[in-house]
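S.K.: I would like to see how this sequence folds:
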Amino acid sequence: MIRRAMLVGALVVAGLTATAIPAQAIPVGPSMVVWAYFSDSSKTQLVGQVWSAGCGPAGSWGTTSGYRTIYFTAC
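M.R.: Numbers count the residues shown, from 1 in each chain. Take a look at the predicted model:
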């Protein structure tokens, strides 16, 4: 019984550490926020972007709907 509990505990810890994604810190100081849009959930085909006015004028290009990812870029 104790062996089984230890095995389950080890598997849980291994599963949690294997699937952890490192945090991405927001840059200190002026930064630009970029929203990238992709055609599908695998996010391999970039179809458009929108960016904030943090480093210059705001803008966009392409299709701005679909699967989205956000990036923070230091100026």
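S.K.: helix/strand/coil for Val50?
M.R.: strand (DSSP: H, G, I helix; E, B strand; the rest coil).
S.K.: any idea how far it is from Ala36?
M.R.: Taking C-beta to C-beta, to the nearest Å as the measure, Val50 falls 9 Å from Ala36. C-beta coordinates here come from the backbone N, C-alpha and C atoms, glycine included.
S.K.: Ile70 now?
M.R.: 8 Å.
S.K.: tell me which of the two has more neighbours.
M.R.: Ala36 (19 against 10; other C-beta atoms under 10 Å).
S.K.: okay, the helix or strand in which the more buried one is found in PDB with CA atoms only?
M.R.: Taking DSSP states H and E as the definition, Ala36 sits inside strand 31-38. Provided in PDB are the C-alpha atoms of strand 31-38 (Å, rounded to 0.1, in the frame of the first residue of the first chain):
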ATOM      1  CA  SER A  31       7.100  48.000 -24.300                       C
ATOM      2  CA  MET A  32       4.900  47.100 -27.200                       C
ATOM      3  CA  VAL A  33       2.100  44.600 -27.000                       C
ATOM      4  CA  VAL A  34       1.700  42.400 -30.100                       C
ATOM      5  CA  TRP A  35      -1.300  40.200 -30.700                       C
ATOM      6  CA  ALA A  36      -0.500  37.500 -33.400                       C
ATOM      7  CA  TYR A  37      -3.300  35.800 -35.200                       C
ATOM      8  CA  PHE A  38      -3.000  32.300 -36.700                       C
END
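S.K.: what packs against that strand?
M.R.: strand 46-51, strand 67-74 (3 or more C-beta pairs under 8 Å, 6 or more residues apart in numbering; DSSP states H and E).
S.K.: residues of stretch 60-68 that come out buried?
M.R.: Neighbour-count burial for stretch 60-68, counted by 16 or more other C-beta atoms under 10 Å, picks out Gly66.
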